[in-house]
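In: Let me see the structure of the following:
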Amino acid sequence: MADHAAFARAWTAQVYGTSFVSLSRPETESFLLGLTGRLVTALTTDPFSAVPAAQVAEDLVAAHYTGPTVLDRTLRLVGDHLLSTVDLPANGELPSRVVALMAALAAGYADALRERTFDEQETIKRAVLRARDDAESALRASDARFRAMFSVSPIGIAITGLDGRIVEANGALQEILRSPVPALSGCTLVELVHPEDAAALTRCEAELDTGEVELYRTEKRFLLPDGDLVWAYVSVALIHDSRGAPAYRMAMVEDISQRHLLYEQLRRQTLHDQLTGLPNRARFTAAVDGLLGQAGPNARVALCLFDLDGFRVVNGGLGPVVGDEVLKEVGARIRDSVAGEPGALAAYLGGDRFAVLLPRCGSAQAAVTATERVLAAIGEPIQVIGHRLTVSASAGVVERAAQGVRTPDLLRDADITLHWAKTDGRGQWTLFDTDRAKRERIRYEMATTIALAMDNEEFYLEYQPVVRLRDGLVRGVEALLRWDHPELGVLVQDDFCELAEDIGLIVRLGRWVLRLACAQAATWSAELGERAPAVSVNLCPRQLRDADLVRDVQTILRETGLPPRRLWLEVPESAVPVHATEAIETLTILAEMGVEILLDRFGKDPADPAHLRNLPLHAVKVYRVPLAGLGGTGADPARERMVSDLIALAHVLELPVIVEHVADADQAQRLTELGCDAGQGPYFGVAGTPEDARALLSGHSPSRG
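Out: Coordinates of the predicted model:
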C-alpha cells in the first residue's frame, strides 16, 4: 500500500459515528490503521490467504463497530481503493485476491456478529434466570418476614378483601378485640366499632373505595363482646398487585386505651382546678369563646364574677389549709346554686375569684336573680376543720346580647363591674353600666398617657385673678393647670390631678407647675414692681408628703428670682389633719421662708378651730359655697347665713377669706357686706393666658369692661 494512513483516514470517515463505541475519532483512526496494514499484508503475501480478512472482521465486531452500515461501507472502501492503491503482484492475481479478501471479510464479520449475538443472548438468559431466582428468593424471604411480623406483632393486623371484610387476623387483633378468628372473619371494621363512631369510619372507608385516598388513619372506639370499650388507633391501607390494581386491604389496630385514659386525665387536670374540681380559667375562657362564636341574632349571655370579701383574713389568720377548704366549699356552693340554670358553667379563676357563665339567660333580671342566689349560698356559715366561719362575696354582673361580642371585652367588663362592687361595699352585686365604664375607660387611658403628655408638652397653665373686694385690686392670680388632650380636648386640673396622684406622677407634674408659675410671676414682678400680684399654686396631699418639697421651692424661687411673699401655696383642708405632723412641719418651714399658705376648700369638712390656729395659715378659700341666690332680690336667707358663718369663723381665726366662683355683681356686693375679703370667679375674670392675666392686671378685665 502506498499510503496506509490515507486509507485509514478514509475508512474512519466511512464508519465513525455509525456505531456506539468508546473510541474517539483519533483513536478510531489509529485502530483502523492497524487493520489496514493487516489487510494489505494479506493481499500482497504469497501464498495468498484470506483468513486475516476474517480476523480483521472479528476485531471490528469486538470493537463494537456493529452498526448496520459498517460492513457495507467497509467492503465498498476495500473494493474501490485497494485495487487502485496496492501494487499488483507479479502473477496479476490482485482482482481475484481482493474479491476473496472481501468475501472473507464479509463472512468473518457475519460469523463474529452471530457469535456475539449468541453470547449476549446467553448472558441475558442467565441474568433472567438469576433475577427470577433472586426474586423468588426475595419473595419467599419477604413472605417469611411478613408472616413473622404478622404473628408476633403486638399491633393487631387484619387482611381484608376490597369489600373491607376480614379474611385473616393475627393473634394481637384477636386479643385486642377479645374475639377469635372465626368471630372476626367476614366482619368489617365498621361493624366492630362503637355505633357512635360507625358513621365517621364509614366515610373513611368510602374514600378508600372511591380511590380518593389509599390510606387513612383515625382513632375509634371498639365495642367488645362483653360490653367494654377499647380505644384504638386504626390505620387502613390499600395494597396493589404486580399490575398496580387494588388487590386487598391491610388494617392495623393499636390499643391506645391506657394512653387515651392518661390523655383524658391530663386534659382534665389542664382544664380543671385540682382544689375545687371546677373548670379553670382556660376551660372557662374556651367555653365563653365557643358560646359567643355560635351565638345567634337573638341570643343573650350573662357572665358573673365573684370575689370573696376579706379572704386574706381567713388565709392569714387561720392558715392556708383552712383557706383551701373554704375555697372548696364555696366552689361547691356556687356549682350547686346554678345547677338548675340551663347550660350554666361555674369555674374557679384562681385566688379567691369564681365565675359563672349563663348562656341562656333571658334578661339582666334573671342574671341578677341567679347572682343573688349564689351570694346567699356563699353567705351561709361554713364548718371547716373545727372552725365555723361566715364569708361574703362581691359580684360583678354583665348581661348583654351575645352576637358580635368578644370574649376579652366580656371578661374585661365583668372585671370592671366586680371592681365597682368591691369599691361600693361588700356582700353585694353591681350590674354593668356602659356610661360608667366609659368614664372609667377614659380614666384608665388618661392614667397611661399622663407621662407621655408631659414629654409632649400637652400641659399648660391658665391664670385667674383673685381680687380684693373693698377696692377691686388684683391681689393674686391662681395658676390653673390644663391638659390639651389630643382626643378629649382641654381638661381642667380636677379631671386628672387626683389620677396623677394615684399613679405617682403628681410630684413631678406639681414641680413643673410650680416652676412655670413662679417664672411667670417673676416676669410680672419685674414689669409691675409692687403692683405685681402673687401667684397661687395648688398642692395636693402627696406633694406635702414629698421630702423634697421645701428644697424644690427654695431652688425654684432662687432660680426665678421671685420673692417668697409673692408665692401662695394652696393646700386642701383634708391634707393637714391633726395627726399630719410632717405636712404641718413642712408648711411651717415654707411659711418661715416667707411663702404664704392658703387653706383651700375651707368649710367642706370643718376642722377643729383650735387645730386651725396651730397651722401657719395666711388666708382661707371657702369651698364652693352656695352662692346661687346670694344677693339681689332673690336672696336666700339660709344660704346667706351659711356663707356668713364661714366668713365669721375665718375672722375669729384672724384669717382673710377668699370666696371662689363669684358670678355677678350682686354676689360680689353681698359678699363685701358679709365681710368677705377677696373674691375669685367669672365676675372678676375667667382663667386665661398670661397675656389675658396681664390685661386684667392693667385694669382691662374682659368680664367687667
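In: For the rest of this, base every contact and every neighbour count on C-alpha atoms.
Out: Noted.
In: chain center to the longest helix anywhere in the chain, what's the gap?
Out: Counting residues, the longest helix found in the chain (DSSP state H) is helix 94-152. Averaging C-alpha positions (CA atoms, centre = their mean, to the nearest Å) puts helix 94-152 69 Å from its chain's average.
In: Return the list of helices and strands in contact with it.
Out: Packing partners of helix 94-152 (3 or more CA pairs under 8 Å, 6 or more residues apart in numbering; DSSP states H and E): helix 25-44, helix 51-62, helix 70-85, helix 171-177.
In: Please repeat the previous calculation with a cut-off of 7 Å.
Out: Helix 94-152 sits against helix 51-62, helix 70-85, with contacts defined as 3 or more CA pairs under 7 Å, 6 or more residues apart in numbering; DSSP states H and E.
In: Helix, strand, or coil at the spatially most central residue of the chain?
Out: In the chain, the residue lying closest to the centroid (CA atoms, centre = their mean) is Pro408, at 12.6 Å. In three-state terms, and counting by DSSP: H, G, I helix; E, B strand; the rest coil, Pro408 is helix.
In: From what I see, Leu224 and Ser179 are in contact.
Out: No. Distance between Leu224 and Ser179: 8.2 Å, which falls outside the contact criterion (CA atoms under 7 Å).
In: what's the spacing between the helix or strand following the longest helix of the chain and its chain's center?
Out: Downstream of helix 94-152, the next assigned helix or strand under DSSP states H and E is strand 156-160. Offset of strand 156-160 from its chain centre (CA atoms, centre = their mean): 45 Å.
In: Direction included, what does strand 156-160 pair up with?
Out: Strand 156-160 pairs in its sheet with strand 166-169 (antiparallel), strand 246-255 (antiparallel), by DSSP bridges.
In: Show me what counts as buried in the last one.
Out: Which is strand 246-255. 248-255 (16 or more other CA atoms under 10 Å).
In: got any ranges where the stretch 101-250 of the chain has weak pLDDT?
Out: 133-136, 138-149 (pLDDT under 70).
In: switch the cut-off to 90
Out: Where the stretch 101-250 of the chain drops to pLDDT under 90, the residues are 101-164, 166-187, 189-190, 192-193, 197, 205-215, 219, 223-230, 233, 237-250.
In: can you check the stretch 601-705 of the chain too?
Out: Counting by pLDDT under 90, the stretch 601-705 of the chain has low-confidence residues at 601-615, 622-650, 652-653, 661, 663-667, 670, 673-674, 685-686, 688-705.
In: which SS state does Pro342 fall under?
Out: Look at Pro342: counting by three-state DSSP, its state is coil.
In: separation between it and Ala366?
Out: Look at Pro342 and Ala366: by CA to CA, to the nearest Å, they are 12 Å apart.
In: And for Tyr16?
Out: Distance of Tyr16 to Ala366, given as CA to CA: 103 Å.
In: the more surrounded of those two?
Out: Shown here are Tyr16 and Ala366; by other CA atoms under 10 Å, Tyr16 has more neighbours (18 against 15).
In: Enumerate every residue touching that one.
Out: Arg25 (CA atoms under 7 Å, 6 or more residues apart in numbering).
In: just Ala402 next, same as before
Out: Ala402 makes contact with 292, 295, 299-301, according to CA under 7 Å, 6+ apart.
In: By neighbours, which of those residues wins?
Out: Val301 (25 neighbours).
In: what's the pLDDT at it?
Out: Val301 is assigned a predicted lDDT (pLDDT) of 90.
In: correct me, but it touches Pro359?
Out: Yes. Counting by CA under 7 Å, Val301 sits close enough to Pro359 to count as a contact (4.9 Å).
In: Can you tell me how far Ala158 is from Ser337?
Out: Ala158 is 53 Å from Ser337, by CA to CA.
In: More neighbours: these two, which one.
Out: Neighbour totals were compared for Ala158 and Ser337, and Ala158 leads with 27 against 20 (other CA under 10 Å).
In: what's the spacing between the helix or strand hosting Asp666 and its chain's center?
Out: If you go by DSSP H and E, Asp666 is part of helix 665-673. Relative to its chain's centre, helix 665-673 lies at 64 Å (CA atoms, centre = their mean).
In: List just the nearest of the contacts of Ala402 to Val492.
Out: Nearest to Val492 among those, counting by CA to CA, is Val301 at 39.2 Å.
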